[in-house]
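**Q** Have a look; sequence and predicted model below, questions after that.
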Amino acid sequence: MYLGVFHAVSAFNNAGFALYSDNLMSFVGDPWIIVPISAALVTGSLGFPVLFELARAWRQTMATAAARARPRWRFSLHLRITLITYAALAVVGVVALTVSEWTNPGTLGPLSVHDKLLGGLFAGLSPRTAGFNSIDIGQMSEGSLLITDVLMFIGGGSAGTAGGIKVATFAVLGYVILSEIRGEPSVHAMGRRLGQDVQRQAITVVLLAVGAVMAATFALLFLTDFNLDQVLFESVSAFATVGLSTGITADIPDAGQLILIVLMLLGRLGPITLASALAVRDRARRFELPEERPIVG
């Protein structure tokens, strides 16, 4: 019972702490362990605004069903953009990591087809800042490490237990790029127009996050003898508060571990603090300078 409660809390809060020396590698083919933990970590990483809205929709559905009326769902843009982007990234991550590690003798290679599918599913879901692993991260291929880096950096939903830049931020940037490619004067997403303040906030959060990860990666490369794949994975995992590692954390010198600590604090508090500060700061400009276009590209 204690083990069940501990791992359930750890999964929902995307902490990634396990009470086994190999994390969850001994349960790679056990659906009674992997599936509930996957469900808990996904639920926690969607974000509380999404969970509250889904709960309200469920209550409305039950009320209308009792009155024998037809329910009318009106979901917010945030819920729709979070669920669709989260699901798309989950599918891409699960498929890419399963295919990439299918024949790897150090990870999924020796397992049965059932265990490979379950291991690939967990490997694609867990990097959304849960931090659990059912396969050996240190034995993953370079391509799989890069895919995991991207999943960790994006993270989960806003105002939830996950870290990263958040899927809504990632989606907003995607819509900005799409509108720019189409030559449209404004950015539209799922039948709504995105304000310029939202676009600026998303760009600022992402660029500062990239800068923090790159600075930490460069510092760790200078302080250690590990290769770029290992160091970049460590930096992204720290920033996104994931907790996954290729196994080099204990061998990083004290100065490098202090860098990781600072990066974890920045990753946990930085994006939401920065976004909140940008949202409430609205300073009117009393004049405009002459417009001039620099050469871009």
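**A** Yep, it's here.
**Q** show me where the stretch 1-150 of the chain has helices.
**A** 2-12, 31-45, 48-66, 77-101, 113-125, 142-154 (DSSP state H, counting those that start in this stretch).
**Q** For Ala171, find the nearest of these.
**A** Set against Ala171 and scored by CB to CB, the helices of the stretch 1-150 of the chain come closest in helix 77-101, at 4.4 Å. Where you see a C-beta, it was placed from the backbone N, CA and C, and this is true even at glycine.
**Q** Could you give me the buried positions within the closest one?
**A** Residues 78-83, 85-86, 89-90, 93-94, 96-98, 100-101 are the ones in helix 77-101 that count as buried (16 or more other CB atoms under 10 Å).
**Q** returning to that earlier point: relative to Met190, which of the helices of the stretch 1-150 of the chain is closest?
**A** helix 77-101 (5.5 Å).
**Q** That closest one vs helix 31-45, what angle?
**A** 140 degrees (axes from the mean of the first three to the mean of the last three CA atoms, to 10 degrees).
**Q** so for helix 77-101, what's the average pLDDT?
**A** Helix 77-101 comes out with an average pLDDT of 95.
**Q** for that helix, the distance to its chain's centre please.
**A** Counting by CA atoms, centre = their mean, to the nearest Å, helix 77-101 is centred 10 Å from the centre of its parent chain.
**Q** Which neighbouring elements make contact with that helix?
**A** helix 48-66, helix 113-125, helix 142-154, helix 167-182 (3 or more CB pairs under 8 Å, 6 or more residues apart in numbering; DSSP states H and E).
**Q** least reliable of these going by mean pLDDT?
**A** Minimum mean pLDDT among the helices and strands packed on helix 77-101: helix 48-66, a mean of 86.
**Q** Just name whatever secondary elements that helix is in contact with.
**A** Under the contact criterion of 3+ CB pairs under 8 Å, 6+ apart, helix 48-66 touches helix 77-101.
**Q** what residue lies at the spatial centre of this structure?
**A** Gly155 (1.0 Å; CA atoms, centre = their mean).
**Q** Distance to Ala189 added to the helices of the stretch 1-150 of the chain, as a markdown table?
**A** A markdown table is the format used below for those (distance: least, CB to CB, whole Å):
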| stretch | distance to Ala189 |
| --- | --- |
| helix 2-12 | 29 |
| helix 31-45 | 21 |
| helix 48-66 | 16 |
| helix 77-101 | 6 |
| helix 113-125 | 25 |
| helix 142-154 | 17 |
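**Q** now for those, which one comes closest to Ser21?
**A** Closest among the helices of the stretch 1-150 of the chain, using CB to CB: helix 2-12, at 13.9 Å.
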